[in-house]
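Chemist: Any chance you can model this:
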Amino acid sequence: MLNAGNDTITLVDEFSDMDSVSQNVRPILFFLCCNPFGIWLWLDQNWDLIDMLKDVAKRPFITMGFMSFVLLLPLALTSNHWAQRKLGRRWGKLHRIIYLIGVAAILHYWWHKASKNDLETVSIYAGVMLLLLCCRIPSIRKLISFNFKNHASNS
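Modeler: Residues are numbered from 1 along each chain as shown. Below is the predicted model of the structure:
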């Protein structure tokens, strides 16, 4: 899951100096999201944009997946140092939509697997996403940061 990966990268960035790792991983994660979209557009829709839009309107799990992909495009285009410098403080505000994308991606996968009664894997992803989102709550974040710093200083 791209979004769980992005939130994990964010947590790693906060607790260590791994900005270069996240800069290298994000394009790979975006490429992994492009694959199912490209397969759906090419093999399922045969590049027919009218059929594609009908499918997006007709099936909720396609709607959530399409929305996630479209919202991910500006993040992918601005996930570089040049865009960070040009956008300044707006860069962080723009990249906060990753939380919405994460929830939409989980809903996309949930609805897709619900039709097959196969919710085991998606439940794990949803749990991980919930855990990562909880880590963004300021009081929990402060507690984690405090415990991490104490553990690091004791080592």
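
Chemist: What is the longest helix along the chain packed up against?
Modeler: Among the elements of the chain assigned as helix by DSSP state H, the one spanning the most residues is helix 19-39. The contact analysis (3 or more C-beta pairs under 8 Å, 6 or more residues apart in numbering; DSSP states H and E) places helix 19-39 against helix 2-15, helix 60-77. Where C-beta positions appear, they are placed from N, C-alpha and C, glycine not excepted.

Chemist: Poorly predicted segments of the protein, please.
Modeler: Low-confidence segments of the chain, defined by pLDDT under 70: 1-24, 146-155.

Chemist: how big is the angle separating the helix or strand just after the longest helix of the chain from helix 60-77?
Modeler: Note on helix 19-39: by DSSP states H and E, the next helix or strand toward the C-terminus is helix 49-58. For helix 49-58 against helix 60-77, the angle by axes from the mean of the first three to the mean of the last three C-alpha atoms, to 10 degrees is 110 degrees.
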